[in-house]
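A.B. asks: Sequence plus predicted model, see below.
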Amino acid sequence: MDVIEFQDVKCVPDVVHTYTDDLNSIPIVIDNGSYYCRAGWSTSEEPLLIFKNLIAKPRKERSKKDTNEVIQAPPLQVGNDIINIEAVRFQLKTQFDRNVVTHFEAQEHLFDYTFSHLGIDTDKCIPHPIVMTEPYLNPNSSRQLMSELLFECYNVPSICYGIDSLFAYNFSQSEPSNDALIISMGYHTIHVIPIIDNETNFENTRRINTGGFHVISFLHRILQLKYPAHTNAITLSRAEELLHSICSIATDYREELKRWNDVDYYEKNIKKIQLPYSVASTSSTLTAEQQKERKKELARRLTEINARRRGERLAEDEEKLVKLQEIYELWEVHNDAEEFEYALGENGFESSDELEKSINLLKMRIKKTKQKILAANSAEELPEEPPNKQQKLNKIVFENEKAMHSYVQNAKKLRQDILSKKLSRKQKKQDMAKRRTAAGQERMRIISQLARKEKGNDDFGMRDEDWDIYKTISRDGGDSDSEAENEKLLELEEVIKTYDPTDDADSLAPAEAYQLHIGIEMYRAPELLFKPYMIGSGEAGLSEVIGYVLKLFSPEDQLKLAGNVIITGTLSQLPGLKKRILTDLISIRPFHSITNVTIMPNASLAPWHGAKAFSNTEICKNFSITKRDYEELGGDYLKHHIASNWYTPTPKEQLVEVDN
Amino acid sequence: MNSEESKVESRPVFKCSSFINANKPANKKRAWKSLKQIISTERSLPWPEDHIHYSSINAPPSFLPAEKFSDLSGLPAPYTDPQTRLRFANKEEYSTLLTLPMDITAGYLALRGASSIVG
């Protein structure tokens, strides 16, 4: 089985495109999606800019806040300027709240980025009409703010809004049929949009508030929980990569689960993903031999130092002894009292007795030191080797392989026993600590019974067994991990290590320890789209909503819609999606009725291409909102066309009159 | 203010210099209106009868019973551990479940949206 490695694709900063004269008044087409933004001229073949709708705003350092110097604003990273998203994960901002633009300051930064990378350098205006996507049923207030930003900050001549999936459906394909059921799978939401006779049916459209973002976060979290040791290495970007590289949608999720339950199938189909790792280069590079050498060397140096010190002390003492003996001789031999008194005073002695005492002391010390030196020299010749534990163990000689094997097995079994005993003790301790568990309640019951005992016939403690009750109700549950047990465990582990080195679980190759094994997860994560209850959402899943929407129509219309189901959005690239939706659809449709499911080709860029095609038609010119419309008819004004939202002017808030 | 001057200088040429976003909340602490706030404002307005707005097209609640899957493996899970409230599929999973620390079990519950005591 091949091991897959992460690509960890980095963003490439966008180039600034040249702004040429023939671009005069050419519309700018922007597909402003909640994940990617695609922008380009209506004359360009493909979008010139594709970037994630994100900005990273590093925080100002607190300490620098009060200084009066010019504050160097930390560089703002926008879109593809962000090379490594994970590095700035916590500073990321987007203008979107779910699929609606709400944060217009961020939107302004992203427009700055878009327009400057398109190379526009005209003074105080963008002299190009804008064709832009907006979310399905965009709230009026959001559109108002968007128009305000574009008209007043960028001075654009006109704007035309449309819905991304409708642009894709109506204009990116050559002959859209009159009726369709569009399933638009976005980053935050999935829309099921019925179109009857070229009219978008807003009333019966439904939106599932689960999208690619949720699938990615779900996958991210299950992998993190499965591999707690690699929590930091499993990043959102990597989860996203996994979603696009290995995940797919099961045609029948239950069947798929059954297959994975089989060990052989699991072994055969498991995907191994290699996380990046570096081999820890610590003391382990030294072999046991080298370590021994090093220890010996250290010991040798220590004895050398000691010997030198002893030698020095010996010399010092001998010198002093000679001096003192000279003084003593003054008295004994020469009988020179005056000179003797003087010498005594100079050396700090009070009387001749004291002098004699210190001479004896010195003699003793010299003798001792000499003995020590002798001992040290002999010790150096025969360095003592401490008996090694492993050697002791090796002394056991087995008759044959089989005997050894059974011995090791026995040791393993003993170890397992101790381990499981420890585990159950731990579990019991946990249980005891909690009130709701059976063990905890039993304990409380005994305690209350003990307390209730009548005072009259208190014979508690007469028998020794009475005291055992305290063992039962102590939080340890009577026995705790004993010292002897721990020692035994260590010993057993030593034994197993000696005879069966392959047993050690830690001896796993480092590459293997850094592998993620992904089995059911590759179906489990995308399954979220069909079962939002897997993350606790109460909404119906995709197939159920499709069925629900179809039921809102007459049987004839249902036939039309089910006969032309079209899936768009980047998520539609997931393998198996078409088959799954078709299967689910057939199961709810009448027998032998026509059902067709198509995945829109180039689904990720189709809205941009649709909007581009739209911008080159006459309709676009007629349905654009000019600055004059904006000023006269209100900020949220919209002219509706085949691919747009429906405009209802925001009602004036009525003053509620209170009747008396 | 110095910082403001430098900001104006770095403005791209195509931007109208006088534009200050009037809707920017004056209080810096308060962010832009969230979608939730926008929706609730939108709902409270006296729209005409047939108007459809953002929150009227939310998907219906699921009418199908939610299947139970093991939190650990994702397999169909007939059992629930009364201690941690985690679902599991077989006894091997149960024995791994016993060794899981609190933060992992809590993480699984939070992921399923079942961490509230009431639920």
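C.D. replies: Good, I have the coordinates.

A.B. asks: ok, now which ones touch the closest residue to B:Trp32 other than its chain neighbours?
C.D. replies: In space, and not counting its chain neighbours, B:Trp32 is closest to A:His103: 4.8 Å by C-beta to C-beta, 6 or more residues apart in numbering or on different chains. C-beta: built from backbone N, CA, C; applies to glycine. With contact set as C-beta atoms under 8 Å, 6 or more residues apart in numbering or on different chains, A:His103 has these partners: A:Lys93, A:Thr94, A:Gln95, A:Phe96, A:Asp97, B:Ala31, B:Trp32.

A.B. asks: Restricted to strands, list those residues.
C.D. replies: A:Lys93, A:Phe96, A:Asp97 (DSSP state E).

A.B. asks: Among those, the buried ones, what's the PyMOL command?
C.D. replies: One line in PyMOL is enough to select the buried ones among the ones in strands among the contacts of A:His103; burial here means 16 or more other C-beta atoms under 10 Å in any protein chain shown:
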select buried, chain A and resi 96+97
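
A.B. asks: From the ones in strands among the contacts of A:His103, pick the one nearest A:Leu529.
C.D. replies: A:Phe96 (19.5 Å; C-beta to C-beta).

A.B. asks: ok, the closest one - contacts?
C.D. replies: A:Phe96 is in contact with A:Ser34, A:Asn53, A:Thr102, A:His103, A:His188, counting by C-beta under 8 Å, 6+ apart.

A.B. asks: doesn't A:Asp123 make contact with B:Asn17?
C.D. replies: Quick fix: residue B:17 reads Ser, not Asn. No: in this structure, B:Ser17 is not within contact of A:Asp123 by C-beta atoms under 8 Å, at 10.1 Å.

A.B. asks: For chain A, what's its nearest residue on chain B.
C.D. replies: B:Gly113 (1.6 Å; C-beta to the nearest C-beta).

A.B. asks: Next SSE downstream of whichever helix or strand A:Val215 is part of?
C.D. replies: Take DSSP states H and E as the rule and A:Val215 turns out to sit in helix A:212-226. With elements assigned by DSSP H and E, the helix or strand that comes after helix A:212-226 is helix A:236-245.

A.B. asks: and that following helix, does that touch chain B?
C.D. replies: No: applying C-beta under 8 Å from any C-beta of the partner chain, one finds helix A:236-245 out of contact with chain B, separated by at least 13.2 Å.

A.B. asks: Run through chain A and note the low-pLDDT ranges.
C.D. replies: Scanning chain A with the threshold set as pLDDT under 70 gives A:1, A:60-74, A:279-287, A:379-399, A:434-437, A:453-457, A:475-481, A:501-508, A:653-660.

A.B. asks: longest helix of it?
C.D. replies: Of all segments of type helix in chain A, defined using DSSP state H, the longest is helix A:288-329.

A.B. asks: Now do the strands in chain B.
C.D. replies: Under DSSP E, chain B gives strands at B:79-80, B:87-88.

A.B. asks: about what we covered before: which residues does the residue nearest to the residue of chain B closest to chain A when sequence neighbours are not counted contact?
C.D. replies: Nearest residue to B:Gly113, sequence neighbours excluded (C-beta to C-beta, 6+ apart): A:Gly536, at 1.6 Å. By C-beta under 8 Å, 6+ apart, the residues touching A:Gly536 are B:Arg112, B:Gly113, B:Ala114.

A.B. asks: Among those, which are located in helices?
C.D. replies: Those of the contacts of A:Gly536 lying in helices (DSSP H): B:Arg112.

A.B. asks: What's the PyMOL line that selects buried ones from the contacts of A:Gly536?
C.D. replies: Entered in PyMOL, the line below selects the buried ones among those, by 16+ other C-beta under 10 Å:
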select buried, chain B and resi 112
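
A.B. asks: Okay, the residue in the stretch 351-500 of chain A positioned nearest to chain B and B:Gly107: tell me how far apart.
C.D. replies: Here the stretch 351-500 of chain A gets closest to chain B at one residue, A:Gln427, 6.3 Å apart by C-beta to the nearest C-beta. Using C-beta to C-beta, to the nearest Å, we find A:Gln427 at a distance of 20 Å from B:Gly107.

A.B. asks: What of A:His641?
C.D. replies: Going from A:His641 to B:Gly107 by C-beta to C-beta gives 48 Å.

A.B. asks: try A:Glu289
C.D. replies: With C-beta to C-beta as the criterion, A:Glu289 and B:Gly107 are 46 Å apart.

A.B. asks: Show me the residue of the stretch 451-600 of chain A that gets nearest to chain B, please.
C.D. replies: Closest residue of the stretch 451-600 of chain A to chain B, C-beta to the nearest C-beta: A:Gly536 (1.6 Å).

A.B. asks: What of the stretch 251-400 of chain A?
C.D. replies: For the stretch 251-400 of chain A, C-beta to the nearest C-beta, closest residue to chain B: A:Leu257, 5.6 Å.

A.B. asks: what sits against that residue?
C.D. replies: Residues near A:Leu257 by C-beta under 8 Å, 6+ apart: A:Ile520, B:Gly74, B:Leu75, B:Pro76.

A.B. asks: List the residues that contact the first one.
C.D. replies: So that's A:Ile520. Contacts of A:Ile520 (C-beta under 8 Å, 6+ apart): A:Glu256, A:Leu257, A:Trp260, B:Ser73, B:Gly74, B:Leu75.

A.B. asks: can you pick the most crowded of the contacts of A:Leu257?
C.D. replies: Within those, most neighbours by other C-beta atoms under 10 Å in any protein chain shown means A:Ile520, with 24 neighbours.

A.B. asks: Need phi/psi at that one.
C.D. replies: With angles defined as degrees, to the nearest 10, A:Ile520 sits at phi -60, psi -30.

A.B. asks: mind checking how far it is from A:Ile270?
C.D. replies: For A:Ile520, the distance to A:Ile270 - C-beta to C-beta - is 10 Å.

A.B. asks: count of neighbours near the residue nearest to A:Ile373 when sequence neighbours are not counted?
C.D. replies: Nearest residue to A:Ile373, sequence neighbours excluded (C-beta to C-beta, 6+ apart): A:Arg310, at 5.5 Å. Residues lying near A:Arg310 (other C-beta under 10 Å) number 16.

A.B. asks: what separates A:Arg310 from A:Val88, distance-wise?
C.D. replies: In terms of C-beta to C-beta, A:Arg310 sits 65 Å off from A:Val88.

A.B. asks: Repeat that for A:Leu49.
C.D. replies: Distance of A:Leu49 to A:Val88, given as C-beta to C-beta: 20 Å.

A.B. asks: Between those two, which has more neighbouring residues?
C.D. replies: A:Leu49 (19 against 16).

A.B. asks: Give me the distance between that one and A:Ala484.
C.D. replies: Plainly put, A:Leu49 is 71 Å away from A:Ala484 if you go by C-beta to C-beta.

A.B. asks: hang on, the earlier thing: list the residues that contact the residue nearest to A:Ile373.
C.D. replies: A:Arg310 makes contact with A:Thr369, A:Lys372, A:Ile373, A:Ala376 under the criterion C-beta under 8 Å, 6+ apart.

A.B. asks: Among these, name the buried ones.
C.D. replies: A:Thr369.

A.B. asks: which stretches of chain B have low pLDDT?
C.D. replies: B:1-10, B:18, B:20-31, B:116-119.

A.B. asks: please redo it, this time with the cut-off set to 90
C.D. replies: Across chain B, the ranges flagged by pLDDT under 90 are B:1-34, B:41-53, B:55, B:82-85, B:98-103, B:105-106, B:113-119.

A.B. asks: what about A:Gln573, how many neighbours?
C.D. replies: A:Gln573: 14 neighbours (other C-beta under 10 Å).
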